[in-house]
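**Student:** okay, here's the prediction I keep looking at, along with the sequence it came from:
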Amino acid sequence: MHGFEKLSTTSKGDIEEGTLYPGLGYGENQLRWGFIRKVYGILAAQLVLTTVVSSITVLYPPVTDLLKGNSGLFLFLLFLPLILLWPLYVYQQKHPLNLIILGLFTMCLSLTVGVSCANTDGRIVLEALILTSAVVVSLTGYTFWASKKGKDFSYLGPILFTSLFTLFLAGFIQMFFPLGSTSTAIYGGIGAVIFSGYIVYDTDNLIKRFTYDEHIWASVTLYLDILNLFLTILRILRSSDN
């Protein structure tokens with residue numbers, strides 16, 4: 001009898017130990033973990049593709065020269081991901097169309113990232129990559145831990161959206177009235193804080209609010225958070241180096 005009670009207690013403890021947040025049933029918890037693994041699998045594939053395409057862009061000068069020498073093509077690649085977001089959202093459950101659109105979306109962004117890296121010293125790119133990886137892993141781990149403790153980050157949504165919109169307006173103004181290196185570093189620092197907040201917010205949504213058929217859209221949101229954080233840190237380090 002005592003052995004059975006001990007076994008029941010141990011089993012219950014093992015189940016609760018892997019529970020994503022308080023009040024989540026065992027079956028739902030298992031489904032949510034499967035969804036999370038699927039999302040991170042897609043995200044990992046996106047990051048690998050971005051790394052490969054960016055590396056080719058940096059190491060093969062003709063590609064960089066083509067993009068830098070043809071402003072129309074570069075602007076097309078810059079705005080195409082924004083256009084692709086709409087069909088990606090609409091057809092996110094249409095296989096294999098969703099994966100084709102996702103691949104084009106990732107490829108376009110990877111080329112623009114490659115051009116940014118090609119115009120930056122390799123040491124700075126490596127530092128930005130290490131810092132971004134450390135921040136993403138730390139914030140992701142913290143969000144999972146905080147969710148397990150019952151914390152909720154849904155309140156960050158309106159704050160982050162307003163901050164991002166203000167940052168976008170400041171960047172637009174900066175196109176016409178360039179800031180100094182110090183102001184650019186401050187601008188980049190604020191951007192890094194905002195995108196770090198988005199990593200926490202979207203990871204919290206991944207744990208609690210994304211539905212099971214939104215794996216493509218969930219991976220896209222996290223991918224954009226990581227990519228924007230990397231580019232912001234790259235800009236900060238480049239300004240500091242200059």
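**Tutor:** Cool, the structure landed.

**Student:** Ile194 contacts Thr162, doesn't it?
**Tutor:** No - using CB atoms under 8 Å as the test, Ile194 is too far from Thr162 to be in contact (10.0 Å). In this view, the C-beta of every residue, glycine as well, is placed from N, C-alpha and C.

**Student:** so for those two, which residue has more residues nearby?
**Tutor:** Neighbours were tallied for Ile194 and for Thr162 using other CB atoms under 10 Å; the higher tally belongs to Ile194 (21 against 11).

**Student:** quick check: phi and psi on that one?
**Tutor:** Here is the backbone geometry of Ile194 (degrees, to the nearest 10): phi -60, psi -50.

**Student:** state the helix or strand in which the closest residue to it other than its chain neighbours lies.
**Tutor:** In this structure, Ile194 finds its nearest non-sequential neighbour in Ser163, 4.9 Å apart by CB to CB, 6 or more residues apart in numbering. Using DSSP states H and E, Ser163 sits in helix 156-176.

**Student:** what helices or strands is that helix leaning on?
**Tutor:** With contacts taken as 3 or more CB pairs under 8 Å, 6 or more residues apart in numbering; DSSP states H and E, helix 156-176 sits against helix 181-208.

**Student:** ok so, going back, quick one: the residue nearest to Ile194 and Phe195 touch, right?
**Tutor:** No - look at Ser163 against Phe195 with CB under 8 Å: they stay out of range, at 10.0 Å.

**Student:** report the buried residues of the top helix by length along the chain.
**Tutor:** Within the chain, and with DSSP state H defining each element, the longest helix by residue count is helix 26-59. For helix 26-59, the buried set under the neighbour-count rule, 16 or more other CB atoms under 10 Å, comprises 29, 32, 35-36, 39-40, 42-43, 45-47, 49-50, 53-54, 57-58.

**Student:** that one to helix 181-208, inter-axis angle?
**Tutor:** Between helix 26-59 and helix 181-208, the angle comes out at 150 degrees (axes from the mean of the first three to the mean of the last three CA atoms, to 10 degrees).

**Student:** same question for helix 26-59, mean pLDDT?
**Tutor:** If you average the pLDDT over helix 26-59, you get 92.

**Student:** can you name every helix or strand that it contacts?
**Tutor:** For helix 26-59, the contact count by 3+ CB pairs under 8 Å, 6+ apart identifies helix 61-69, helix 97-118, helix 181-208, helix 215-241 as packing neighbours.

**Student:** most packed of those?
**Tutor:** Taking mean count of other CB atoms under 10 Å as the contact definition, the stretch among the helices and strands packed on helix 26-59 with the greatest mean neighbour count is helix 215-241, which reaches a mean of 21.

**Student:** what helices or strands is it leaning on?
**Tutor:** Under the contact criterion of 3+ CB pairs under 8 Å, 6+ apart, helix 215-241 touches helix 26-59, helix 71-90, helix 97-118, helix 122-148, helix 181-208.

**Student:** for the protein, give me the ranges with low pLDDT.
**Tutor:** Applying pLDDT under 70 to the predicted model, the residue ranges of the chain that meet it are 1-17, 69-70, 179-182, 241-242.

**Student:** how about 90 then?
**Tutor:** Flagging of the chain using pLDDT under 90 yields the residue ranges 1-19, 21-28, 53-82, 90-96, 108, 111-126, 167-189, 211-213, 235-242.
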